[in-house]
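[1] no sequence on this one, just coordinates:
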């Protein structure tokens, strides 16, 4: 009887570990940015709400985007954010792939030549 109890306890512990791991992976996958457009000059991603722009206690949007590009072997040496979104805001983020393009796009945002929809 005691052996059965120990086996059930062990199974319960293993099951809890599996469920917790799957739940963590599911939440993590839902909070990853998705590449929605890319060419030789820029990259556009869909940033989910709840994801910080910079890494805080967990990887932020910039790091996760680099990780995605690494996984897809579309890695670029540098990514230059053109604008930002608050942690609580979802939406499209644009990254330039070189500093010249970044400067040009940042100027467009600064001069309010880009229309943003919320």
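    Looks like it came in fine. Predicted model only: the values in this text are computed from it and were never measured.

[2] What segments of the chain are helices?
    2-30, 61-71, 99-110 (DSSP state H).

[3] on contacts alone, who are the packing partners of the second one?
    Yep, that's helix 61-71 we're talking about. Under the contact criterion of 3 or more CB pairs under 8 Å, 6 or more residues apart in numbering; DSSP states H and E, helix 61-71 touches strand 34-38, strand 42-47. For the C-beta atoms, the positions are set from N, CA and C on the backbone; glycine is no exception.

[4] Outside of that helix itself, which residues are in contact with it?
    32-33, 35, 43, 45, 47, 51-55, 59, 75-76, 79, 81, 85, 93, 95 (CB atoms under 8 Å, 6 or more residues apart in numbering).

[5] ok, back up a step: so can I have TSV of the helices and strands packed on helix 61-71 showing mean neighbour count and distance to residue 117?
    TSV is the format used below for those (neighbours: other CB atoms under 10 Å; distance: least, CB to CB, whole Å):
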stretch	mean neighbour count	distance to residue 117
strand 34-38	13	15
strand 42-47	20	14
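
[6] For residue 3, which of these is the nearest?
    Ranking those by proximity to residue 3 (CB to CB) places strand 34-38 first, at 49.3 Å.

[7] Quick one: mean pLDDT over the closest one.
    For strand 34-38, the mean per-residue pLDDT is 90.

[8] and that strand, what other elements does it pack with?
    Secondary structure elements in contact with strand 34-38, counted by 3+ CB pairs under 8 Å, 6+ apart, are strand 42-47, helix 61-71.

[9] Which one of those lies nearest to residue 16?
    Closest of the helices and strands packed on strand 34-38 to residue 16 is helix 61-71, at 27.6 Å (criterion: CB to CB).
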